[in-house]
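[1] model this:
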Amino acid sequence: MDCLRAGGLSALVLLAASPLAQAVDIGVTGSWLETIDRNDLSAGAGSDVRTPIESSSVTLDITNTLGAGWTVQLSRSDINWPAGVALAARRTSDGIGGGSISGGAAYVAANGAPQFFFTGTGDRTGIQIQLRTEGVSVRTAPGTYSTGLIYSIY
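    Sure, this is the predicted structure:
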């Protein structure tokens, strides 16, 4: 095999709304599928995998807020994810709409427990989110790995 590691990392994007914010809707468009092969080696044959690996954007829409304030939390639900590989997300745009948005410009680690991601008021659509993995190496067993990201709003 001329690839040191062949496999894929994917982040499925899931969403949830807390019972306290039943009127607010959060939607996600897009997903990330990354195939890691010899092109991802930092310096060619014999070197390790470049790190971090960043995604293109997925899009979040927050609607039906009636102008109220809200907070988005981020968590992860592993389906089949390698130990030692971290996944994080950051907000790369404000989107458009009324109200405001703040926080989330720096990467926030996604793990099993919900983490504060960002906050805002009013409806915002087209919020761009970028994902990043760290810790993939030539020692990561070949295979297909996946995890789900959960964006919760309250």
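[2] Every contact and neighbour count from this point should use C-alpha atoms.
    Noted.
[3] Can you report how many residues neighbour the spatially closest residue to residue 30 that is not a sequence neighbour?
    Nearest non-adjacent residue to residue 30, counting by Cα to Cα, 6 or more residues apart in numbering: residue 58, 4.8 Å away. By the measure other Cα atoms under 10 Å, the count of residues near residue 58 is 18.
[4] got it, and the one 3 residues further on?
    Taking other Cα under 10 Å as the criterion, the count of residues near residue 61 is 17.
[5] List the contacts of the closest residue to it other than its chain neighbours.
    With Cα to Cα, 6+ apart as the criterion, residue 61 has its nearest non-adjacent residue at 4.1 Å, and that residue is residue 125. Counting by Cα atoms under 8 Å, 6 or more residues apart in numbering, residue 125 touches 60, 61, 62, 63, 95, 96, 97.
[6] pLDDT of the helix or strand where residue 125 lies, averaged?
    Residue 125 belongs to strand 124-134 when elements are defined using DSSP states H and E. Averaged across strand 124-134, pLDDT comes to 96.
[7] Mark which of the contacts of residue 125 are part of strands, please.
    60, 61, 62, 63 (DSSP state E).
[8] Nearest to residue 105 among the residues you listed?
    Among the ones in strands among the contacts of residue 125, residue 60 lies closest to residue 105 (Cα to Cα), at 14.3 Å.
[9] From one end of stretch 80-93 to the other, what's the distance?
    30 Å (Cα to Cα, to the nearest Å).
[10] what comes into contact with it?
    103-111, 117, 127-136, 140, 144-147.
[11] Compute the distance between residue 141 and residue 84, please.
    Residue 141 is 12 Å from residue 84, by Cα to Cα.
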